[in-house]
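J.: The sequence isn't on hand, but the structure is:
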């Protein structure tokens, strides 16, 4: 995922009122952990438990600005 897309996604989620956290390999790299490999994906989580209404809100918001959401 392109870094600019990640920034925009985080901004959108924050505008919706969520706290956003980076997890996974990218977060380890930021802390200086040598994984011995590269990673291309970005793993983000929000500060709310999963509900269909939150899923629908995020999906609708991203689709309304042109993102493809599966």
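T.: On my side now, so go ahead. Because the structure is a prediction, the values reported are computed rather than measured.

J.: Output the contacting helices and strands for the least confident helix or strand in the chain by mean pLDDT.
T.: In the chain, the helix or strand scored least confidently by mean pLDDT, DSSP states H and E is helix 25-30, which has a mean of 89. Packing partners of helix 25-30 (3 or more CB pairs under 8 Å, 6 or more residues apart in numbering; DSSP states H and E): strand 43-46. (Each C-beta comes from the backbone N, C-alpha and C, glycine too.)

J.: And the contacts of the strand it packs on?
T.: Contact partners of strand 43-46, identified using CB atoms under 8 Å, 6 or more residues apart in numbering, comprise 6, 9-10, 13, 18-27, 54.

J.: buried sites along it?
T.: Buried residues in strand 43-46, counted by 16 or more other CB atoms under 10 Å: 44, 46.

J.: Following that strand in sequence, what is the next regular element?
T.: Downstream of strand 43-46, the first helix or strand assigned by DSSP states H and E is helix 52-64.

J.: Distance from the chain centre to that following helix, please.
T.: 13 Å (CA atoms, centre = their mean, to the nearest Å).
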